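# Requesting a structural model of the entry that follows:
(chains A and B)
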Amino acid sequence: MSIKDLEKIFLDKIEKEIKIEPKDWMPEQYRKTLIRQISQHAHSEVVGMLPEGNWITRAPTLKRKAILLAKVQDEAGHGLYLYSATETLGVSREQTINDLHSGKAKYSSIFNYPTLTWADIGAIGWLVDGAAILNQVMLCRTSYGPYARAMVRICKEESFHQRQGFEILLTLSRGTDVQKAMCQDAVNRWWWPSLMMFGPHDSESTHSEQSTQWKIKRMSNDELRQKFVDMIAEQAKILNVTLPDPELKWNPERNHYDFGEINWEEFWNVVKGNGPCNKQRLDARRKAWQEGEWVRQAAAVHAEKRKARETQQVA
Amino acid sequence: MKNFILKYYYGDIPEDKSGGAADARQTATQSDWPLWEVFIRSKQGLDHKHVGSLHAADAQMAIENARDVYTRRMEGVSIWVVESKYIHASNPEEAESFYEPASDKVYRHPTFYNVPDEVKHM
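The predicted structure is shown next:
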């Protein structure tokens, strides 16, 4: 069969909403796009453990600590589901992780911001996970089978993350004046970076058009961002916090909230590695990998030893 | 970083397996553990179902990791793992001819048969 025929079969499947599976023929660019996107997503889950891990030992109660531990453990699991999905496209796990450590692969810029107070853990759950969920719900219908299945699994687990964040902020917002101020301060700092999570405007986004045609993405950056603003603006009322955007206002004609322009200079700066914590995050990942080397070796040796013992017993 | 453990068998291990530089080097290059496919029975009475994959040094570690990754919310009562390299799969490119024998045998379905209305349940 010629490439043209194969391409036609591929596009027909996309058209008919038939999922593409690992062994099916796919255009090289589709494979590449998926490898880039899924591995970035995996790295984001893994690096995302760092800002939250910062507060595990300092959580205000044992209950909060247990919940945060469970959440961070979930993020590790999500990273694994996604690394596995990346591997089905023919890249090794080691290669994928090396690309993160060398700085070649990106992860979500949001994790390059610091978690300064306990309220930040609430703001991350409410805003950052809230934004992530909108993206991930869309990705449950993505055209690549293993990615879609990983997303379904992740979405099931993710909804507790957003709720626990909201609950942390709700508790603070009903607390003392200092606690209320802490809650507002965290929202002030996380609001704009959360809006940036959806990426550049549709008119500026280099990957969007092709990804939409291949049904990797099913909604545009700006559509998702609008959905997020509409959702959060309503929930903010219950928390009694102000979102730090003077232009944020309900527009009855559009039936949506209007909102101000993102500081794109900051966005590109953080993407390019100049955010407050870029270096710290990558250093932490590299250190964890290097310090885990003996564990990987020990496990391999232990497996060999056990195998040798079994063969001996059989003989 | 790779070869820093040169002797790694300790305690009651026969002489011939007391480790050494050559073995250590070989092991270090194998630090990328094999890939395993994970199947989980969600409750008694149901089939094991494929849920995903993970890397592990051996079967026991694969089962323990599968528990931590795929059953954190009581999703399973039994886990199977099998090294991915032992899975053989049909070829999607031959799907049309491969499944062709079944495509013209509609009489294998109960809906193929006309049953008079008087027959209430069959």
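# is any part of the host helix or strand of B:Phe39 close to chain A?
Secondary structure from DSSP states H and E places B:Phe39 in strand B:35-41. Yes - using Cβ under 8 Å from any Cβ of the partner chain, strand B:35-41 reaches chain A at B:Leu35. For glycine as for every other residue, the C-beta is placed from the backbone atoms N, C-alpha and C.
# Need the CA coordinates for that strand. CSV is fine.
The C-alpha trace of strand B:35-41 is given here as CSV (Å, rounded to 0.1, in the frame of the first residue of the first chain):
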residue,chain,number,x,y,z
LEU,B,35,8.2,-3.3,30.6
TRP,B,36,5.3,-5.3,32.0
GLU,B,37,1.6,-5.2,31.0
VAL,B,38,-0.8,-5.1,33.9
PHE,B,39,-4.2,-6.9,34.1
ILE,B,40,-6.6,-6.4,37.0
ARG,B,41,-9.7,-8.2,38.1
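# Please name the strands paired to that strand in the sheet, noting orientation.
Sheet pairing here is set by DSSP bridges, and for strand B:35-41 it gives strand B:48-55 (antiparallel), strand B:78-83 (antiparallel).
# So which of these is nearest B:Ala95?
strand B:48-55 (18.8 Å; Cβ to Cβ).
# The strand holding B:Phe39 - what's its average pLDDT?
The average pLDDT within strand B:35-41 is 96.
# what residues does it touch?
Strand B:35-41 has contacts (Cβ atoms under 8 Å, 6 or more residues apart in numbering or on different chains) with A:87, B:47-56, B:59, B:62, B:66, B:69-71, B:75-85, B:87.
# List the residue ranges of chain A that fall below the pLDDT cut-off.
Within chain A, no stretch has pLDDT under 70.
# Alongside chain B, which residues does it contribute?
Chain A comes close to chain B at residues A:1, A:21, A:23-25, A:70, A:73-74, A:77, A:80-81, A:84, A:87, A:92-94, A:149-150, A:153, A:157, A:290, A:293-294, A:296-308, as judged by Cβ under 8 Å from any Cβ.
# of those residues, buried ones?
A:24-25, A:74, A:77, A:80-81, A:84, A:87, A:93, A:149-150, A:153, A:157, A:296-297, A:299-301, A:303-305 (16 or more other Cβ atoms under 10 Å in any protein chain shown).
# Now, these that are in strands?
Among these, none falls in strands (DSSP state E).
# can you state the direction angle for the helix or strand in which A:Trp294 is found and strand B:48-55?
Element membership of A:Trp294 [criterion: DSSP H and E] is helix A:293-314. Helix A:293-314 runs at 120 degrees relative to strand B:48-55, counting by axes from the mean of the first three to the mean of the last three Cα atoms, to 10 degrees.
# wait, isn't A:Lys217 in contact with A:Arg141?
No - counting by Cβ atoms under 8 Å, A:Lys217 stays clear of A:Arg141, with 10.0 Å between them.
# The two: which has the busier surroundings?
Ranked by neighbour count (other Cβ atoms under 10 Å in any protein chain shown), A:Lys217 and A:Arg141 place A:Lys217 first, with 25 against 15.
# ok now do that one, which residues does it touch?
By Cβ under 8 Å, 6+ apart, A:Lys217 lies in contact with A:Met138, A:Leu139, A:Thr142, A:Ser208, A:Ser211.
# Arrange these in CSV, one row each, with neighbour count and secondary structure as further columns.
Formatted as CSV, the contacts of A:Lys217 follow (neighbours: other Cβ atoms under 10 Å in any protein chain shown; DSSP: H, G, I helix; E, B strand; the rest coil):
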residue, neighbour count, secondary structure
A:Met138, 17, helix
A:Leu139, 23, helix
A:Thr142, 25, coil
A:Ser208, 19, helix
A:Ser211, 19, helix
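# Point out where chain B drops to low pLDDT.
In the predicted model, chain B carries pLDDT under 70 at residues B:1-31.
# Nearest residue to the middle of it?
B:Glu37 (2.7 Å; Cα atoms, centre = their mean).
# What's opposite that residue in the beta bridge?
Here B:Glu37 sits in beta bridges with B:Ser53, B:Val82, going by DSSP bridges.
# Quick one: the helices in chain B, in order.
B:21-29, B:59-70, B:95-98, B:100-103 (DSSP state H).
# Show me what the second one is packed against.
In other words, helix B:59-70. Applying 3 or more Cβ pairs under 8 Å, 6 or more residues apart in numbering or on different chains; DSSP states H and E, one finds that helix B:59-70 contacts helix A:62-87, strand B:35-41, strand B:48-55, strand B:78-83.
# returning to what we had before: and which of the contacts of A:Lys217 is nearest to B:Tyr107?
Nearest to B:Tyr107 among the contacts of A:Lys217, with distances taken as Cβ to Cβ, is A:Thr142, at 38.8 Å.
# Contacts only, for that closest one.
Going by Cβ under 8 Å, 6+ apart, the list of residues near A:Thr142 reads A:Ala148, A:Met151, A:Lys215, A:Ile216, A:Lys217, A:Arg218.
# Return the member of those residues nearest to A:Pro60.
A:Pro60 has its nearest neighbour among those in A:Met151, at 32.5 Å by Cβ to Cβ.
# From the contact counts, what lies against the longest helix seen in chain A?
Counting residues, the longest helix found in chain A (DSSP H) is helix A:145-173. Packing partners of helix A:145-173 (3+ Cβ pairs under 8 Å, 6+ apart): helix A:28-47, helix A:62-87, helix A:118-123, helix A:129-139, helix A:177-196, helix A:221-239, strand B:48-55.
# Quick one: distance of that helix to the chain centre.
With Cα atoms, centre = their mean, to the nearest Å as the basis, helix A:145-173 stands 11 Å off its chain's centre.
# swap in stretch A:142-154?
14 Å.
# Okay then, goodbye and thanks.
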